[in-house]
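> model this:
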Amino acid sequence: MKTIRCKIEKVSPFNDAVYQVLLRPETAFDFQAGQYLCVVMGEKDKRPFSIASAPNAELIELHIGAAVSESYPMQVVERLKACALDGSTIDIEALAWRSPPAPRKPTPSPLNRRRHWFLLH
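Okay, here's the model as predicted:
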């Protein structure tokens, strides 16, 4: 896992339960939309979120579902807001992206071969 320091560019609500977060990493890294990263809250407290931004984007965008009653994600939002206000940074850990395996070609069953033979002849 690669630790990357980020400046918080923006934390704003989409609605009552979802926040948009924009992070500017100090060092660029390759990622895919939907890949997970962890916001480091403490040495043993790393919270995973899915990356919403497009690959090769300059900023990392997160959409954090954090209703007031859900303290786990709201703690992250509150910390990010505080860092944005005082200009401090936060560390993230980028989980390695592995592309999904290539789809396997279906092997026609003998029954399907016979069915196709009858349809063609």
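
> which SS class is residue 72?
Put simply, residue 72 is helix when judged by DSSP: H, G, I helix; E, B strand; the rest coil.

> what number of residues lie near it?
9 (other C-beta atoms under 10 Å). Just so you know, the C-beta spots here come from the backbone N, C-alpha and C atoms, and that holds for glycine as well.

> now swap in residue 14 and tell me
Count around residue 14 with other C-beta under 10 Å applied: 11.

> who touches it in this structure?
20, 63 (C-beta atoms under 8 Å, 6 or more residues apart in numbering).

> From residue 62, how far out is it?
11 Å (C-beta to C-beta, to the nearest Å).

> and what of residue 51?
With C-beta to C-beta as the criterion, residue 51 and residue 62 are 7 Å apart.

> Give the residues shared as contacts by residue 14 and residue 62.
residue 20.

> Quick one: residues contacting residue 48.
So residue 48 contacts 36, 37, 38, 95 (C-beta under 8 Å, 6+ apart).

> ok, of the residues you listed, which come out buried?
37, 38, 95 (16 or more other C-beta atoms under 10 Å).

> Quick check: residue 73 touching residue 47?
Yes - Residue 73 is within contact range of residue 47, at 7.5 Å (criterion: C-beta atoms under 8 Å).

> Going along the chain from the longest strand along the chain, find the next helix or strand for me.
Longest strand of the chain, by residue count under DSSP state E: strand 2-13. Sequence-wise, the next helix or strand downstream of strand 2-13 (DSSP states H and E) is strand 18-25.

> and the helix or strand that comes right after that next one, how far from the chain's centre?
Beyond strand 18-25 in the direction of the C-terminus, DSSP H and E gives the next helix or strand as strand 36-42. In terms of C-alpha atoms, centre = their mean, to the nearest Å, the centre of strand 36-42 is set 11 Å apart from its chain centre.

> Not counting strand 36-42 itself, show me its contacts.
1, 3, 31, 46-51, 60, 62, 75-76, 79-80, 90-95.

> So which of these sit within helices?
The members of the contacts of strand 36-42 that map onto helices under DSSP state H are 75, 76, 79, 80.
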